[in-house]
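[1] Structure for the following, please:
(one chain, ligands or ions: 2)
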Amino acid sequence: MLIGIPKEIKNNENRVALTPAGVVSFVKAGHQVILENQAGIGSGFTNEDYLQAGAQILDRAADVWSRADLIMKVKEPVASEYPFFRKDLILFMYLHLAAEPELTRALKEQGVTAIAYETVELNRSLPLLTPMSEVAGRMSVQIGAQLLEKPHGGKGILLGGVPGVKRGKVTIIGGGVVGTNAAKIALGLGADVTIIDSNADRLRQLDDIFGAALQTLMSNPFDIAAAVAESDLAIGAVLIPGAKAPKLVSEDMVKAMKPGSVVIDVAIDQGGIFATADRITTHDNPTYVKHGVVHYAVANMPGAVPRTSTLALTNVTLPYALQIANKGLRQAIQDNPSLRLGVNVAAGSITYEAVAKALGEEYVPVEQAFLAVRA
Ligand SMILES: NC(=O)C1=CN([C@@H]2O[C@H](COP(=O)(O)OP(=O)(O)OC[C@H]3O[C@@H](n4cnc5c(N)ncnc54)[C@H](O)[C@@H]3O)[C@@H](O)[C@H]2O)C=CC1
Ligand SMILES: CC(=O)C(=O)O
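    Ligands and ions are numbered 1, 2, ... in the order given. Here you go, the predicted model:
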(Lines give C-alpha, C1' and ligand atoms only; values in the text may rest on other atoms or scores of the structure.)
(Ligands and ions follow the chains in the order given, each with its own letter.)
Protein backbone atom coordinates (compact mmCIF):
# COMPACT_ATOMS: atom_id res chain seq x y z
CA MET A 1 0.00 0.00 0.00
CA LEU A 2 1.12 3.60 -0.57
CA ILE A 3 0.88 5.63 2.65
CA GLY A 4 0.76 9.43 2.40
CA ILE A 5 1.71 11.86 5.18
CA PRO A 6 0.76 15.49 4.45
CA LYS A 7 2.07 18.38 6.53
CA GLU A 8 -0.50 19.52 9.10
CA ILE A 9 -1.95 22.91 8.20
CA LYS A 10 -4.15 23.72 11.19
CA ASN A 11 -3.04 26.74 13.25
CA ASN A 12 0.12 25.89 15.21
CA GLU A 13 -0.31 22.19 14.58
CA ASN A 14 3.25 20.90 14.72
CA ARG A 15 2.55 17.21 15.15
CA VAL A 16 3.06 14.73 12.31
CA ALA A 17 1.22 11.44 11.81
CA LEU A 18 4.27 9.20 11.37
CA THR A 19 7.82 9.20 12.76
CA PRO A 20 10.86 7.90 10.87
CA ALA A 21 10.58 4.75 13.04
CA GLY A 22 7.06 4.27 11.67
CA VAL A 23 8.36 4.63 8.11
CA VAL A 24 10.85 1.83 8.77
CA SER A 25 8.00 -0.43 9.98
CA PHE A 26 5.93 0.22 6.84
CA VAL A 27 8.88 -0.28 4.50
CA LYS A 28 9.88 -3.52 6.26
CA ALA A 29 6.33 -4.78 5.72
CA GLY A 30 6.63 -4.09 1.96
CA HIS A 31 4.81 -0.75 1.76
CA GLN A 32 5.84 2.67 0.47
CA VAL A 33 5.61 5.99 2.32
CA ILE A 34 5.39 9.42 0.70
CA LEU A 35 5.76 12.48 2.89
CA GLU A 36 5.17 16.16 2.19
CA ASN A 37 8.29 18.32 2.34
CA GLN A 38 9.12 19.25 5.99
CA ALA A 39 6.03 17.47 7.35
CA GLY A 40 7.96 16.37 10.44
CA ILE A 41 10.01 19.47 11.12
CA GLY A 42 7.71 20.86 13.82
CA SER A 43 8.22 17.64 15.78
CA GLY A 44 11.98 17.70 15.27
CA PHE A 45 12.16 15.17 12.38
CA THR A 46 13.97 16.39 9.25
CA ASN A 47 13.44 15.33 5.62
CA GLU A 48 16.82 13.61 5.90
CA ASP A 49 15.57 11.49 8.85
CA TYR A 50 12.63 10.29 6.74
CA LEU A 51 14.73 9.70 3.61
CA GLN A 52 17.11 7.53 5.63
CA ALA A 53 14.14 5.59 6.99
CA GLY A 54 13.05 4.84 3.40
CA ALA A 55 10.34 7.45 2.69
CA GLN A 56 10.06 9.56 -0.44
CA ILE A 57 9.65 13.33 0.00
CA LEU A 58 7.23 15.23 -2.28
CA ASP A 59 7.06 19.01 -2.57
CA ARG A 60 3.31 19.45 -2.91
CA ALA A 61 0.50 18.35 -0.61
CA ALA A 62 -1.63 17.73 -3.71
CA ASP A 63 0.81 15.05 -4.91
CA VAL A 64 0.77 13.25 -1.57
CA TRP A 65 -3.03 13.27 -1.46
CA SER A 66 -3.52 12.21 -5.09
CA ARG A 67 -1.02 9.32 -5.05
CA ALA A 68 -1.64 7.75 -1.61
CA ASP A 69 -4.04 4.86 -0.90
CA LEU A 70 -4.04 5.65 2.82
CA ILE A 71 -3.62 9.18 4.16
CA MET A 72 -2.49 9.40 7.79
CA LYS A 73 -2.85 12.77 9.45
CA VAL A 74 -3.20 14.07 12.98
CA LYS A 75 -6.05 16.58 12.72
CA GLU A 76 -9.22 16.50 10.66
CA PRO A 77 -8.95 17.87 7.10
CA VAL A 78 -9.68 21.59 6.74
CA ALA A 79 -11.80 22.99 3.87
CA SER A 80 -8.81 23.56 1.56
CA GLU A 81 -8.12 19.80 1.75
CA TYR A 82 -11.65 18.67 0.80
CA PRO A 83 -10.91 18.89 -2.96
CA PHE A 84 -8.37 16.07 -2.45
CA PHE A 85 -11.09 13.61 -1.38
CA ARG A 86 -11.84 10.73 -3.76
CA LYS A 87 -13.72 7.45 -3.76
CA ASP A 88 -10.86 5.00 -3.24
CA LEU A 89 -9.16 7.02 -0.49
CA ILE A 90 -8.80 5.83 3.14
CA LEU A 91 -8.28 8.46 5.84
CA PHE A 92 -6.91 7.63 9.31
CA MET A 93 -6.78 10.61 11.76
CA TYR A 94 -8.77 12.53 14.40
CA LEU A 95 -12.08 13.57 12.84
CA HIS A 96 -14.51 14.69 15.61
CA LEU A 97 -17.32 14.58 13.02
CA ALA A 98 -20.16 15.26 15.49
CA ALA A 99 -18.86 18.84 15.54
CA GLU A 100 -17.97 18.91 11.79
CA PRO A 101 -21.11 18.67 9.58
CA GLU A 102 -19.41 20.22 6.51
CA LEU A 103 -16.51 17.80 6.65
CA THR A 104 -18.90 14.87 7.11
CA ARG A 105 -20.88 15.95 4.04
CA ALA A 106 -17.71 16.24 1.93
CA LEU A 107 -16.52 12.77 3.03
CA LYS A 108 -19.91 11.22 2.23
CA GLU A 109 -20.25 12.96 -1.14
CA GLN A 110 -16.84 11.77 -2.30
CA GLY A 111 -17.27 8.22 -0.95
CA VAL A 112 -14.12 8.40 1.21
CA THR A 113 -13.59 5.78 3.94
CA ALA A 114 -12.79 7.81 7.05
CA ILE A 115 -11.47 6.13 10.20
CA ALA A 116 -11.42 8.31 13.31
CA TYR A 117 -8.68 7.77 15.87
CA GLU A 118 -11.04 8.91 18.62
CA THR A 119 -13.65 6.14 18.18
CA VAL A 120 -11.31 3.14 17.89
CA GLU A 121 -12.30 1.27 21.03
CA LEU A 122 -10.57 -1.52 22.95
CA ASN A 123 -11.92 -3.00 26.20
CA ARG A 124 -14.12 0.06 26.77
CA SER A 125 -11.17 2.44 26.41
CA LEU A 126 -10.16 4.67 23.48
CA PRO A 127 -6.52 3.70 22.84
CA LEU A 128 -5.87 6.26 20.09
CA LEU A 129 -7.35 9.14 22.07
CA THR A 130 -5.75 8.27 25.41
CA PRO A 131 -2.21 9.63 24.90
CA MET A 132 -3.45 12.99 23.60
CA SER A 133 -5.94 13.18 26.47
CA GLU A 134 -3.05 12.58 28.85
CA VAL A 135 -1.19 15.48 27.23
CA ALA A 136 -4.22 17.82 27.12
CA GLY A 137 -5.23 16.98 30.70
CA ARG A 138 -1.79 17.84 32.02
CA MET A 139 -1.60 20.97 29.84
CA SER A 140 -5.02 22.20 30.97
CA VAL A 141 -3.79 22.90 34.49
CA GLN A 142 -0.43 24.27 33.33
CA ILE A 143 -2.26 26.70 31.03
CA GLY A 144 -5.00 27.46 33.57
CA ALA A 145 -2.41 28.34 36.22
CA GLN A 146 -0.79 30.80 33.83
CA LEU A 147 -4.10 32.36 32.74
CA LEU A 148 -4.94 32.99 36.40
CA GLU A 149 -1.95 35.34 36.56
CA LYS A 150 -2.96 39.02 36.38
CA PRO A 151 -0.96 39.88 33.23
CA HIS A 152 -2.86 37.09 31.41
CA GLY A 153 -6.29 38.44 32.42
CA GLY A 154 -6.76 36.22 35.47
CA LYS A 155 -7.73 37.18 39.01
CA GLY A 156 -4.15 36.96 40.26
CA ILE A 157 -4.29 33.64 42.12
CA LEU A 158 -1.45 31.19 42.67
CA LEU A 159 -3.15 27.79 42.48
CA GLY A 160 -1.12 26.26 45.31
CA GLY A 161 -1.40 29.34 47.55
CA VAL A 162 1.42 29.88 50.08
CA PRO A 163 1.55 29.23 53.83
CA GLY A 164 -1.08 31.44 55.49
CA VAL A 165 -3.03 32.02 52.24
CA LYS A 166 -5.84 29.87 50.77
CA ARG A 167 -5.03 27.62 47.84
CA GLY A 168 -6.92 28.04 44.52
CA LYS A 169 -9.98 25.94 43.69
CA VAL A 170 -10.03 23.72 40.59
CA THR A 171 -13.16 21.91 39.37
CA ILE A 172 -12.74 19.23 36.72
CA ILE A 173 -15.93 18.00 35.04
CA GLY A 174 -15.32 14.52 33.61
CA GLY A 175 -13.02 12.12 35.44
CA GLY A 176 -11.68 10.08 32.51
CA VAL A 177 -8.20 10.37 31.01
CA VAL A 178 -8.16 14.18 30.65
CA GLY A 179 -9.75 14.64 34.07
CA THR A 180 -7.40 12.26 35.86
CA ASN A 181 -4.31 13.83 34.33
CA ALA A 182 -5.59 17.33 35.13
CA ALA A 183 -6.18 16.23 38.74
CA LYS A 184 -2.66 14.82 39.00
CA ILE A 185 -1.08 18.13 38.01
CA ALA A 186 -3.51 20.31 39.99
CA LEU A 187 -2.93 18.29 43.15
CA GLY A 188 0.80 18.38 42.47
CA LEU A 189 0.61 22.19 42.43
CA GLY A 190 -1.19 22.10 45.77
CA ALA A 191 -4.63 23.24 44.55
CA ASP A 192 -7.97 22.37 46.15
CA VAL A 193 -9.37 19.94 43.54
CA THR A 194 -12.88 18.59 42.87
CA ILE A 195 -13.72 16.06 40.13
CA ILE A 196 -17.29 15.56 38.93
CA ASP A 197 -18.32 12.48 36.94
CA SER A 198 -21.59 10.71 36.13
CA ASN A 199 -20.12 7.24 36.68
CA ALA A 200 -20.12 6.18 40.34
CA ASP A 201 -17.57 3.42 39.70
CA ARG A 202 -15.22 5.93 38.14
CA LEU A 203 -15.56 8.18 41.18
CA ARG A 204 -14.70 5.21 43.40
CA GLN A 205 -11.57 4.50 41.32
CA LEU A 206 -10.51 8.15 41.56
CA ASP A 207 -11.05 8.10 45.30
CA ASP A 208 -8.83 5.00 45.51
CA ILE A 209 -6.12 6.64 43.38
CA PHE A 210 -6.00 10.07 45.00
CA GLY A 211 -7.44 9.46 48.48
CA ALA A 212 -8.63 12.30 50.66
CA ALA A 213 -6.68 14.91 48.68
CA LEU A 214 -9.38 14.83 45.98
CA GLN A 215 -13.06 15.74 46.39
CA THR A 216 -15.27 13.60 44.13
CA LEU A 217 -18.86 14.55 43.27
CA MET A 218 -21.64 12.89 41.29
CA SER A 219 -22.58 14.85 38.17
CA ASN A 220 -25.85 16.78 38.42
CA PRO A 221 -26.77 20.38 37.58
CA PHE A 222 -27.01 21.45 41.22
CA ASP A 223 -23.52 20.29 42.24
CA ILE A 224 -21.97 21.43 38.94
CA ALA A 225 -23.42 24.95 39.49
CA ALA A 226 -22.16 25.12 43.08
CA ALA A 227 -18.66 23.82 42.26
CA VAL A 228 -18.22 26.02 39.18
CA ALA A 229 -19.38 29.18 41.01
CA GLU A 230 -16.61 28.88 43.58
CA SER A 231 -13.87 27.71 41.18
CA ASP A 232 -10.87 29.73 40.17
CA LEU A 233 -10.27 27.25 37.34
CA ALA A 234 -12.96 25.04 35.76
CA ILE A 235 -11.99 22.35 33.25
CA GLY A 236 -14.34 20.60 30.77
CA ALA A 237 -13.30 16.95 30.28
CA VAL A 238 -16.50 15.02 29.50
CA LEU A 239 -16.81 12.62 26.59
CA ILE A 240 -19.59 10.49 25.19
CA PRO A 241 -17.66 8.74 22.39
CA GLY A 242 -18.51 10.06 18.93
CA ALA A 243 -21.33 12.26 20.24
CA LYS A 244 -21.59 16.01 20.59
CA ALA A 245 -20.52 17.01 24.10
CA PRO A 246 -23.45 17.74 26.45
CA LYS A 247 -23.70 21.39 27.58
CA LEU A 248 -23.38 20.71 31.30
CA VAL A 249 -22.35 24.25 32.34
CA SER A 250 -24.93 26.88 31.48
CA GLU A 251 -24.31 30.57 30.78
CA ASP A 252 -25.78 31.44 34.20
CA MET A 253 -23.34 29.08 35.93
CA VAL A 254 -20.43 30.85 34.22
CA LYS A 255 -21.90 34.26 35.12
CA ALA A 256 -21.79 33.14 38.77
CA MET A 257 -17.98 32.73 38.61
CA LYS A 258 -15.86 35.60 39.97
CA PRO A 259 -14.28 37.94 37.38
CA GLY A 260 -10.82 36.76 36.35
CA SER A 261 -11.70 33.08 36.87
CA VAL A 262 -10.64 30.72 34.08
CA VAL A 263 -12.51 28.13 32.00
CA ILE A 264 -10.57 25.57 29.92
CA ASP A 265 -12.96 23.54 27.75
CA VAL A 266 -10.80 20.61 26.67
CA ALA A 267 -13.92 18.90 25.25
CA ILE A 268 -14.29 21.72 22.69
CA ASP A 269 -13.22 19.27 19.94
CA GLN A 270 -16.60 17.56 20.45
CA GLY A 271 -18.44 20.89 20.76
CA GLY A 272 -17.56 21.76 24.39
CA ILE A 273 -19.44 21.41 27.70
CA PHE A 274 -19.59 25.12 28.61
CA ALA A 275 -22.48 27.03 26.99
CA THR A 276 -20.15 30.04 26.84
CA ALA A 277 -17.46 28.12 24.89
CA ASP A 278 -19.23 29.13 21.71
CA ARG A 279 -16.16 29.17 19.45
CA ILE A 280 -12.98 27.20 18.87
CA THR A 281 -9.83 29.23 19.56
CA THR A 282 -6.29 28.74 18.24
CA HIS A 283 -2.83 28.63 19.80
CA ASP A 284 -2.19 32.04 18.15
CA ASN A 285 -5.14 33.61 19.91
CA PRO A 286 -6.21 31.09 22.53
CA THR A 287 -8.47 33.06 24.87
CA TYR A 288 -11.46 35.39 25.00
CA VAL A 289 -13.31 36.91 27.94
CA LYS A 290 -17.03 36.35 28.48
CA HIS A 291 -18.93 37.51 31.60
CA GLY A 292 -15.55 38.50 33.04
CA VAL A 293 -14.27 34.89 32.83
CA VAL A 294 -11.22 34.01 30.71
CA HIS A 295 -12.10 31.18 28.27
CA TYR A 296 -9.59 28.86 26.55
CA ALA A 297 -11.03 26.58 23.83
CA VAL A 298 -8.18 25.27 21.67
CA ALA A 299 -9.14 22.04 19.90
CA ASN A 300 -5.58 20.85 19.26
CA MET A 301 -3.89 21.50 22.58
CA PRO A 302 -1.23 18.75 22.14
CA GLY A 303 -0.10 20.53 18.94
CA ALA A 304 1.77 22.97 21.19
CA VAL A 305 4.01 20.21 22.59
CA PRO A 306 4.56 18.35 19.32
CA ARG A 307 7.67 16.38 20.13
CA THR A 308 6.06 14.64 23.14
CA SER A 309 2.69 14.37 21.41
CA THR A 310 3.90 13.00 18.07
CA LEU A 311 5.88 10.25 19.78
CA ALA A 312 2.99 9.38 22.13
CA LEU A 313 0.41 9.38 19.31
CA THR A 314 2.38 7.38 16.76
CA ASN A 315 3.22 4.74 19.40
CA VAL A 316 -0.46 3.81 19.41
CA THR A 317 -1.62 4.52 15.84
CA LEU A 318 1.10 2.62 13.99
CA PRO A 319 -0.05 -0.94 14.85
CA TYR A 320 -3.56 -0.17 13.51
CA ALA A 321 -2.22 1.54 10.39
CA LEU A 322 -0.02 -1.47 9.70
CA GLN A 323 -3.05 -3.77 9.93
CA ILE A 324 -4.88 -1.66 7.32
CA ALA A 325 -1.85 -1.66 5.03
CA ASN A 326 -1.04 -5.37 5.46
CA LYS A 327 -4.54 -6.81 5.16
CA GLY A 328 -6.43 -4.18 3.19
CA LEU A 329 -9.17 -2.16 4.87
CA ARG A 330 -12.08 -4.60 4.67
CA GLN A 331 -10.14 -7.58 6.00
CA ALA A 332 -8.53 -5.45 8.71
CA ILE A 333 -11.88 -4.24 10.08
CA GLN A 334 -13.38 -7.71 9.81
CA ASP A 335 -10.50 -9.15 11.86
CA ASN A 336 -10.28 -6.32 14.38
CA PRO A 337 -13.53 -5.07 15.98
CA SER A 338 -11.64 -2.21 17.65
CA LEU A 339 -10.61 -0.81 14.28
CA ARG A 340 -14.08 -1.42 12.86
CA LEU A 341 -15.46 0.95 15.51
CA GLY A 342 -13.18 3.64 14.12
CA VAL A 343 -14.93 3.70 10.74
CA ASN A 344 -17.11 6.82 10.85
CA VAL A 345 -17.88 7.25 7.14
CA ALA A 346 -17.79 4.65 4.36
CA ALA A 347 -19.22 4.36 0.86
CA GLY A 348 -21.29 7.53 1.23
CA SER A 349 -22.86 6.64 4.60
CA ILE A 350 -22.26 7.51 8.26
CA THR A 351 -21.19 4.27 9.90
CA TYR A 352 -20.79 5.39 13.54
CA GLU A 353 -24.12 5.62 15.32
CA ALA A 354 -23.38 8.50 17.73
CA VAL A 355 -22.06 10.66 14.87
CA ALA A 356 -25.18 9.98 12.77
CA LYS A 357 -27.39 10.83 15.75
CA ALA A 358 -25.49 14.04 16.52
CA LEU A 359 -25.87 15.21 12.91
CA GLY A 360 -29.50 14.02 12.57
CA GLU A 361 -28.60 11.65 9.76
CA GLU A 362 -29.09 7.98 8.97
CA TYR A 363 -26.74 5.41 10.54
CA VAL A 364 -25.66 2.52 8.31
CA PRO A 365 -23.51 -0.31 9.75
CA VAL A 366 -20.18 -0.40 7.93
CA GLU A 367 -20.63 -3.89 6.40
CA GLN A 368 -24.01 -2.81 5.01
CA ALA A 369 -22.50 0.38 3.57
CA PHE A 370 -19.83 -1.62 1.72
CA LEU A 371 -22.37 -4.24 0.55
CA ALA A 372 -24.59 -1.51 -0.88
CA VAL A 373 -21.69 -0.38 -3.06
CA ARG A 374 -20.91 -3.89 -4.26
CA ALA A 375 -24.59 -4.56 -5.14
N1 LIG B 1 -8.82 20.06 23.07
C2 LIG B 1 -7.91 19.14 22.83
O3 LIG B 1 -6.82 19.42 22.31
C4 LIG B 1 -8.14 17.73 23.24
C5 LIG B 1 -9.39 17.35 23.57
N6 LIG B 1 -9.64 16.09 24.03
C7 LIG B 1 -11.02 15.80 24.37
O8 LIG B 1 -11.24 15.77 25.78
C9 LIG B 1 -12.48 15.10 26.02
C10 LIG B 1 -12.31 14.08 27.15
O11 LIG B 1 -11.51 13.00 26.69
P12 LIG B 1 -11.10 11.77 27.63
O13 LIG B 1 -10.79 12.22 28.99
O14 LIG B 1 -10.10 10.99 26.89
O15 LIG B 1 -12.45 10.93 27.67
P16 LIG B 1 -12.79 9.73 28.67
O17 LIG B 1 -13.78 8.87 27.97
O18 LIG B 1 -11.55 9.12 29.21
O19 LIG B 1 -13.50 10.48 29.89
C20 LIG B 1 -14.75 11.10 29.77
C21 LIG B 1 -15.41 11.09 31.13
O22 LIG B 1 -16.62 11.84 31.03
C23 LIG B 1 -17.53 11.24 31.93
N24 LIG B 1 -18.88 11.71 31.66
C25 LIG B 1 -19.74 11.33 30.69
N26 LIG B 1 -20.91 12.00 30.82
C27 LIG B 1 -20.76 12.82 31.90
C28 LIG B 1 -21.61 13.77 32.56
N29 LIG B 1 -22.86 14.01 32.14
N30 LIG B 1 -21.13 14.41 33.64
C31 LIG B 1 -19.87 14.20 34.09
N32 LIG B 1 -19.04 13.30 33.52
C33 LIG B 1 -19.48 12.63 32.44
C34 LIG B 1 -17.32 9.74 31.69
O35 LIG B 1 -17.86 8.96 32.75
C36 LIG B 1 -15.80 9.68 31.61
O37 LIG B 1 -15.22 9.39 32.87
C38 LIG B 1 -12.87 14.49 24.65
O39 LIG B 1 -13.80 15.32 24.01
C40 LIG B 1 -11.56 14.48 23.90
O41 LIG B 1 -11.72 14.43 22.51
C42 LIG B 1 -8.65 15.15 24.16
C43 LIG B 1 -7.36 15.49 23.81
C44 LIG B 1 -7.01 16.79 23.27
C1 LIG C 1 -7.69 14.59 20.40
C2 LIG C 1 -7.38 15.65 19.45
O3 LIG C 1 -8.21 16.05 18.68
C4 LIG C 1 -6.05 16.20 19.42
O5 LIG C 1 -5.14 15.66 20.06
O6 LIG C 1 -5.86 17.23 18.74
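
[2] What residues does the stretch 51-200 of the chain have near ligand 2?
    Within the stretch 51-200 of the chain, the residues that sit near ligand 2 (C-beta under 6 Å from any ligand atom) are K75, Y94, L129, M132. Any C-beta I mention is one placed from the backbone N, CA and C, and that applies to glycine too.

[3] if we look at ligand 1, which of these are close to it?
    Near ligand 1, by the rule C-beta under 6 Å from any ligand atom, you find L129, M132 out of these.

[4] Keep only those of the residues of the stretch 51-200 of the chain next to ligand 2 that are in helices.
    Using DSSP state H, the subset of those located in helices is M132.

[5] Return the two entries of the residues of the stretch 51-200 of the chain next to ligand 2 that lie farthest from one another.
    K75 and L129 (13.2 Å; C-beta to C-beta).

[6] And the two? Which one has more around it.
    Using other C-beta atoms under 10 Å, the more surrounded residue of K75 and L129 is L129, with 25 against 20.

[7] Next, give phi and psi for that one.
    Main-chain dihedrals, L129, degrees, to the nearest 10: phi -100, psi -30.

[8] before we move on, the earlier item: output the residues of the stretch 51-200 of the chain next to ligand 2 in a markdown table; the columns should cover distance to L147.
    Formatted as a markdown table, those follow (distance: C-beta to C-beta, whole Å):
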| residue | distance to L147 |
| --- | --- |
| K75 | 23 |
| Y94 | 25 |
| L129 | 25 |
| M132 | 21 |
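
[9] could I get the residues of the stretch 51-200 of the chain next to ligand 2 as JSON lines with distance to V249 and pLDDT?
    Formatted as JSON lines, those follow (distance: C-beta to C-beta, whole Å; pLDDT from 0 to 100):
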{"residue": "K75", "distance to V249": "26", "pLDDT": "97"}
{"residue": "Y94", "distance to V249": "24", "pLDDT": "97"}
{"residue": "L129", "distance to V249": "22", "pLDDT": "97"}
{"residue": "M132", "distance to V249": "23", "pLDDT": "97"}
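
[10] Could you point out the member of the residues of the stretch 51-200 of the chain next to ligand 2 that lies closest to A356?
    Nearest to A356, judged by C-beta to C-beta, of these is Y94 at 18.4 Å.

[11] ok, now how distant is the closest one from I115?
    10 Å (C-beta to C-beta, to the nearest Å).

[12] Please identify which of those two sits among more neighbours.
    I115 (31 against 21).

[13] Let me know the secondary structure of the more buried one.
    Here I115 is strand, with the state taken from DSSP: H, G, I helix; E, B strand; the rest coil.

[14] Now do it against N336, distance only.
    Taking C-beta to C-beta as the measure, I115 falls 11 Å from N336.

[15] of all of this protein, which residue lies closest to ligand 1?
    Using C-beta to the nearest ligand atom, the single residue of the chain nearest to ligand 1 is G176, 1.7 Å away.

[16] How confident was the prediction at that residue?
    Here, the pLDDT recorded for G176 equals 98.

[17] List the buried residues of stretch 77-95.
    P77, E81, Y82, F84, F85, L89, I90, L91, F92, M93, Y94, L95 (16 or more other C-beta atoms under 10 Å).

[18] for this protein, which spans come out with low pLDDT?
    Filtered on pLDDT under 70, the chain yields the residue ranges 374-375.

[19] Would you mind listing what in it touches ligand 1?
    So the chain meets ligand 1 at 118, 129, 132-133, 136, 173-179, 196-199, 202, 219, 237-240, 246, 248, 266-270, 298-302 (C-beta under 6 Å from any ligand atom).

[20] What remains of the residues you listed if I keep only buried residues?
    118, 129, 132-133, 136, 173-179, 196-198, 202, 219, 237-239, 246, 248, 266-270, 298-302.

[21] Those in strands, which ones?
    Among those, the ones falling in strands (DSSP state E) are I173, I196, D197.

[22] My guess is the first one contacts A245. True?
    No: using C-beta atoms under 8 Å as the test, I173 is too far from A245 to be in contact (10.3 Å).

[23] Give the residues shared as contacts by those two.
    Residues within reach of I173 and of A245 at once, by C-beta atoms under 8 Å, 6 or more residues apart in numbering, are G236, V238, I273.

[24] tell me the helices in the stretch 251-375 of the chain, going along the chain?
    Counting by DSSP state H, counting those that start in this stretch, one finds helices in the stretch 251-375 of the chain at the ranges 251-255, 306-327, 329-335, 337-340, 353-359, 366-374.

[25] Mean neighbour count added to the ones you listed, as TSV?
    Formatted as TSV, those follow (neighbours: other C-beta atoms under 10 Å):
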stretch	mean neighbour count
helix 251-255	16
helix 306-327	19
helix 329-335	17
helix 337-340	18
helix 353-359	19
helix 366-374	15
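
[26] Could I get those helices in a markdown table, plus columns for distance to ligand 2?
    Below are those laid out as a markdown table (distance: least, C-beta to the nearest ligand atom, whole Å):
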| stretch | distance to ligand 2 |
| --- | --- |
| helix 251-255 | 24 |
| helix 306-327 | 7 |
| helix 329-335 | 21 |
| helix 337-340 | 17 |
| helix 353-359 | 15 |
| helix 366-374 | 22 |
